[in-house]
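1. Curious how this folds, go ahead:
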Amino acid sequence: MFICQGAPAQPFSRLITAPISTLKNAKVWRMKVRNVDRNPAADYHRIMFLAGKKWTIRVSCQRSDVGTTVSFTITPKRKLDKSKFFLGQTRMFLINQKEQESNYQMDSPFFVNYESTFSRFYEDFDVEPTKENGFLNDSGTLEVEIHVFVDRILDVNVKFSHFNFHDSFNDEQYFQFYSWKTSEHDLYSKSQMLHFHSPVISELIKGKFKKIPIVKESQFGFIQLMLQIVHGAFILLNEFQIRQLLPLAKRFKIYTVTRKCELRMIQILRETEPIGRSGRFCEFLWLARSYDLPHLSCATMKLITNLKEMKELGYGMNLERMSGEAMKAVASKIFSFA
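-> Take a look at the predicted model:
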């Protein structure tokens, strides 16, 4: 039985003999465990970048009188956020050097969080891998192929899943936001979703462009937030995030994100204590004018309750740059106090 430690014990998927078939959307690595025929506890590990984080992937082969155990362990290099669960699928092949149809294929779901810190899968074999049966090459090396796919990231604080945009896929129907410096920041999203939500990216896709460079590395976190919103993930935005998202949404003309930011800003404005709210009317109206947020503008004007607040608003606003529509709204509000 294929077992995971660090997660609740449960029966997992399967062990079959099959040709190599790629797990959909998975990252794939070939690894060699050397000296398996001479070392009773041989292993090999390497550092991988997966779902925006560095992980240690380790494969070991332990031989004993009762059989052979082959195990695969995935461990984050740094402690994970306490609220995050990483959920996905893994597949491991033991490569048969002689017969391509006779590889051992092992599948299992996995999850890793702050408490479990790792997922370990292992399989016990009655017949040990040898050169004769094809699982060891002439130098006594066991070759394995690892497939790992992080499907989603669960935030237990809000009980919602976030999508994994960090990993590149074999499917060509993806659009990439990439960094000039390092691929660790790169983000990938389905072209169809961006084609529907962003006229700017839609034109790029029609022109056979499948990626766009992002100069400021600090923007990648906010681009990921933008993609989460486009794909329908629940995100409770704070004011700082909104102020970073609005220019991005304007740049790519993603009105879904603009409207979500606007509604959240209205909520933040209404939740602000009346004492501190009056001094921020200019600020909110400036945002409304800069990013075409008519509902925020209307909500702000409705919260002005007296001529004193109206006077403070007048001092803080640039009347020369005020639009005709905004001037009418201000004039209407002044006359309502008459």
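2. which helices and strands does the longest strand anywhere in the chain pack with?
-> For the chain, the strand that runs over the most residues, judged by DSSP state E, is strand 142-155. Under the contact criterion of 3 or more C-beta pairs under 8 Å, 6 or more residues apart in numbering; DSSP states H and E, the helices and strands touching strand 142-155 comprise strand 27-33, strand 41-50, strand 53-64, strand 67-76, strand 84-94, strand 160-163. C-beta: built from backbone N, CA, C; applies to glycine.
3. Could you say which of these is packed most deeply?
-> The highest mean neighbour count among these, using mean count of other C-beta atoms under 10 Å, belongs to strand 84-94: a mean of 21.
4. pLDDT of it, averaged?
-> For strand 84-94, mean pLDDT rounds to 86.
5. for the helices and strands packed on strand 142-155, which one sits closest to residue 244?
-> Proximity to residue 244 (C-beta to C-beta) singles out strand 160-163 among the helices and strands packed on strand 142-155, at 17.4 Å.
6. picking that back up, angle of the longest strand of the chain against strand 53-64?
-> 140 degrees (axes from the mean of the first three to the mean of the last three C-alpha atoms, to 10 degrees).
7. hang on, the earlier thing: make TSV out of the helices and strands packed on strand 142-155 and add distance to residue 285.
-> What follows is the helices and strands packed on strand 142-155, written out as TSV (distance: least, C-beta to C-beta, whole Å):
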stretch	distance to residue 285
strand 27-33	47
strand 41-50	44
strand 53-64	41
strand 67-76	45
strand 84-94	37
strand 160-163	32
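8. Out of the ones you listed, which is closest to residue 263?
-> Residue 263 sits nearest to strand 160-163 of all the helices and strands packed on strand 142-155, at 17.3 Å, using C-beta to C-beta.
9. Beyond the closest one, next helix or strand please.
-> Scanning the chain past strand 160-163 towards its C-terminal end, the next helix or strand to appear is strand 174-178 (assignment: DSSP states H and E).
10. What pairs with that following strand, parallel or antiparallel?
-> The strands that strand 174-178 pairs with in its sheet are strand 187-190 (antiparallel), strand 211-213 (parallel) (by DSSP bridges).
11. most packed of these?
-> Comparing those on average neighbours per residue, with mean count of other C-beta under 10 Å, the densest one is strand 187-190 at a mean of 21.
12. what sits up against that strand?
-> Contacts made with strand 187-190 from outside it, assessed by C-beta atoms under 8 Å, 6 or more residues apart in numbering, are listed as 165-169, 173-177, 220, 223-224, 227, 230-231.
13. The strand or helix carrying residue 270 packs against which elements?
-> Element membership of residue 270, judged by DSSP H and E, is helix 255-271. Helix 255-271 is packed against helix 220-230, helix 239-252, helix 281-290, helix 294-302, with contacts defined by 3+ C-beta pairs under 8 Å, 6+ apart.
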